[in-house]
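> I'd like to go over a predicted model; first the sequence, then the structure.
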Amino acid sequence: MKNTDEFKRRLSARKDELEQRLQHIEHDLDQPVTNDIEDRATEREDDEVMESMGNAGLVEIAAIDAALTRIEAGTFGDCVECGEPISQERLEILPTATKCRNCM
């Protein structure tokens, strides 16, 4: 895979964005709850949505870290199943891709 610098930049920028979002979610989840029972139920539902978004963010950060590790190792863009190159088009859309189109 040639020119991994742009992928590294994009992945690092996305990771920074996700980490900031996770900090906001954590801050919001740490806010005190209201005494009103109806409002508390709504807050709990909102908390569950934020927790789900936070968990999805953590999963994406792990995939980004793995892609950055592959860049450093020189294996970025190689399919983990067959070893063949992952298409540039696929990596443009999903830079954390680990498999080529044939092995998906």
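Thanks, I have it. Numbers count the residues shown, from 1 in each chain.
> Could you list the buried residues of stretch 43-63?
By neighbour count on 16 or more other C-beta atoms under 10 Å, the buried set for stretch 43-63 is 43, 50, 54, 57, 63. C-beta coordinates here come from the backbone N, C-alpha and C atoms, glycine included.
> do stretch 20-29 as well
Buried residues in stretch 20-29, counting neighbours by 16+ other C-beta under 10 Å, are found at 22, 25.
> Quick check: the gap between residue 71 and residue 6.
Look at residue 71 and residue 6: by C-beta to C-beta, to the nearest Å, they are 11 Å apart.
> okay, those two: which has more neighbours?
residue 71 (19 against 10; other C-beta atoms under 10 Å).
> Can you show me the strands along the chain?
In the chain, no strands are defined using DSSP state E.
> before we move on, back to that, from the buried residues of stretch 43-63, which land in helices?
Among those, the residues falling in helices (DSSP state H) are 43, 50, 54, 57, 63.
> Adding pLDDT, write those residues out as JSON lines.
Listed next are these as JSON lines, based on pLDDT from 0 to 100:
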{"residue": "43", "pLDDT": "74"}
{"residue": "50", "pLDDT": "79"}
{"residue": "54", "pLDDT": "86"}
{"residue": "57", "pLDDT": "92"}
{"residue": "63", "pLDDT": "97"}
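> and of those, the nearest to residue 20?
Closest to residue 20 out of these is residue 57 (10.0 Å), distances taken as C-beta to C-beta.
> Tell me where the protein is predicted with low confidence.
Low-confidence segments of the chain (pLDDT under 70): 1-2, 34, 39-40.
> redo that, cut-off 80
1-2, 28-47, 50 (pLDDT under 80).
> For the residue nearest the centre of it, which non-adjacent residue is closest in space?
Nearest to the mean C-alpha position of the chain, by C-alpha atoms, centre = their mean, lies residue 60 at 1.9 Å. With sequence-adjacent residues excluded and distances taken as C-beta to C-beta, 6 or more residues apart in numbering, residue 60 is closest to residue 18, at 5.9 Å.
> Please name the residues that touch the one you found.
Residues in contact with residue 18 (C-beta atoms under 8 Å, 6 or more residues apart in numbering) are 57, 60-61, 64.
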